[in-house]
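Q: Just the structure for this:
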Amino acid sequence: MLNLLKADLGRIFSSKGIYITIGLLLSAVLMHTFSSQVGAFDVENSRASGYTMLFHFMLMMDNIYLTLVPIVYFAVSDDFEQGTIKNVLSGNVSRTTYYLSKLVLALSFCFLFYVLQVFGGALLTTALHGFGRELTGEFIWSVAQPVMAQLLVLFAITAIGVFLAFTLRKLFWFSVAFFAFIMLPVTIIGFLWEAGMDVDAFWRFELITQTRNLINIAYMPAYEIFTILGIVLAYLVLSTIGGLKLFQKSEIK
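A: Now for the predicted structure:
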């Protein structure tokens, strides 16, 4: 698997696409950093601090959702588009190893982009205006909890993207399906909620909303935390197992 990951990293970083994606993400981080005057979590301050922007970027996950499509494309779909998957599988590489290497690669980029947005933006604001809080063990734990929970949700979304990439293979259909999975549920449930319908049970299965809600994980009831994280883990595990089973039985043209 390590050889596959090294080869993929060399391929990805030799193309312009990954640098354009990183550049767009960092541009969005810079724009939010310099345009934020008052911290959403510290209204007593007249300007944003590293502390307030840390939580601000945890809320602003739209940039990450948008980058997940090129992340999965760079990791998976490019091999199908270029036809290089045949050459790899014709060697001494099992389909399980191939699938898992692509999943690990996509998850690694997801983690990298999350760190660039959340901690990159906080560090930049800290350099400009200071952090605004003392770095105690209690504070670090209060940050680590939502960070780990959000990453788990993003990993589940990424795993579903990998499943769709292996299933649909073509960039166009994969992109349409992945965007639909990310955006349609929250849109539909939102419309139903506006219409006065009771949709509380549906929100737990909607990953975009839960990514934001888990910022407050320290204040959530234990049963709610276990329910949400259990659903997220189910998405992650089932999409991985399903993708592996389908890929093992599929024909590579």
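Q: low-confidence ranges in the stretch 101-250 of the chain?
A: Scanning the stretch 101-250 of the chain for pLDDT under 70 picks out no residues.
Q: residue ranges for the helices of it, please.
A: In the stretch 101-250 of the chain, the helices defined using DSSP state H, counting those that start in this stretch lie at 137-168, 171-194, 200-203, 207-213, 222-249.
Q: and the first one, what other elements does it pack with?
A: In this structure, helix 137-168 packs against helix 50-59, helix 62-72, helix 95-129, helix 171-194, helix 207-213, helix 222-249, with contacts taken as 3 or more C-beta pairs under 8 Å, 6 or more residues apart in numbering; DSSP states H and E. C-betas here are computed from N, CA, C, even on glycine.
Q: out of those, deepest packed?
A: helix 50-59 (a mean of 22; mean count of other C-beta atoms under 10 Å).
Q: what's next to it, contact-wise?
A: Helix 50-59 is touched from outside by 29, 32-33, 36, 39-42, 45, 48, 117-119, 121-126, 129-133, 143, 146-147, 150, 212, 215, with contacts defined as C-beta atoms under 8 Å, 6 or more residues apart in numbering.
Q: what's the distance between it and the middle of its chain?
A: 17 Å (C-alpha atoms, centre = their mean, to the nearest Å).
Q: Likewise for stretch 221-232?
A: On C-alpha atoms, centre = their mean, the centre of stretch 221-232 falls 19 Å from the chain's centre.
Q: same check, this time on stretch 225-245
A: 15 Å.
Q: before we move on, what about stretch 150-168?
A: Distance, centroid of stretch 150-168 to centroid of chain: 8 Å (C-alpha atoms, centre = their mean).
Q: one step back: switch the helices of the stretch 101-250 of the chain over to TSV; also include distance to residue 73.
A: Formatted as TSV, those follow (distance: least, C-beta to C-beta, whole Å):
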stretch	distance to residue 73
helix 137-168	7
helix 171-194	6
helix 200-203	29
helix 207-213	20
helix 222-249	16
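Q: closest to residue 82 out of the ones you listed?
A: helix 171-194 (10.9 Å; C-beta to C-beta).
Q: Tell me which other helices or strands that closest one touches.
A: Helix 171-194 packs on helix 62-72, helix 137-168, helix 200-203, helix 207-213, going by 3+ C-beta pairs under 8 Å, 6+ apart.
Q: got a list of contacts for that helix?
A: Under C-beta under 8 Å, 6+ apart, the answer for helix 171-194 is 65, 68-69, 72-73, 77, 81, 157, 160-161, 164-165, 168, 199, 202-203, 205-209.
Q: Mind exporting the C-alpha coordinates of it to PDB?
A: Written as PDB, here are the backbone C-alpha positions of helix 171-194 (Å, rounded to 0.1, in the frame of the first residue of the first chain):
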ATOM      1  CA  LEU A 171     -15.900  12.400 -13.400                       C
ATOM      2  CA  PHE A 172     -19.200  14.100 -14.500                       C
ATOM      3  CA  TRP A 173     -21.600  11.500 -12.900                       C
ATOM      4  CA  PHE A 174     -19.400  11.200  -9.800                       C
ATOM      5  CA  SER A 175     -19.400  15.000  -9.300                       C
ATOM      6  CA  VAL A 176     -23.100  15.300  -9.800                       C
ATOM      7  CA  ALA A 177     -23.900  12.400  -7.300                       C
ATOM      8  CA  PHE A 178     -21.400  13.700  -4.700                       C
ATOM      9  CA  PHE A 179     -22.600  17.300  -4.800                       C
ATOM     10  CA  ALA A 180     -26.200  16.000  -4.600                       C
ATOM     11  CA  PHE A 181     -25.300  13.800  -1.500                       C
ATOM     12  CA  ILE A 182     -23.700  16.800   0.200                       C
ATOM     13  CA  MET A 183     -26.200  19.500  -0.600                       C
ATOM     14  CA  LEU A 184     -29.600  17.900  -1.300                       C
ATOM     15  CA  PRO A 185     -30.500  16.400   2.100                       C
ATOM     16  CA  VAL A 186     -29.900  19.600   4.000                       C
ATOM     17  CA  THR A 187     -31.800  21.600   1.400                       C
ATOM     18  CA  ILE A 188     -34.800  19.200   1.300                       C
ATOM     19  CA  ILE A 189     -35.000  18.800   5.100                       C
ATOM     20  CA  GLY A 190     -34.700  22.600   5.400                       C
ATOM     21  CA  PHE A 191     -37.700  23.100   3.100                       C
ATOM     22  CA  LEU A 192     -39.700  20.600   5.000                       C
ATOM     23  CA  TRP A 193     -38.900  22.300   8.300                       C
ATOM     24  CA  GLU A 194     -39.900  25.700   6.800                       C
END
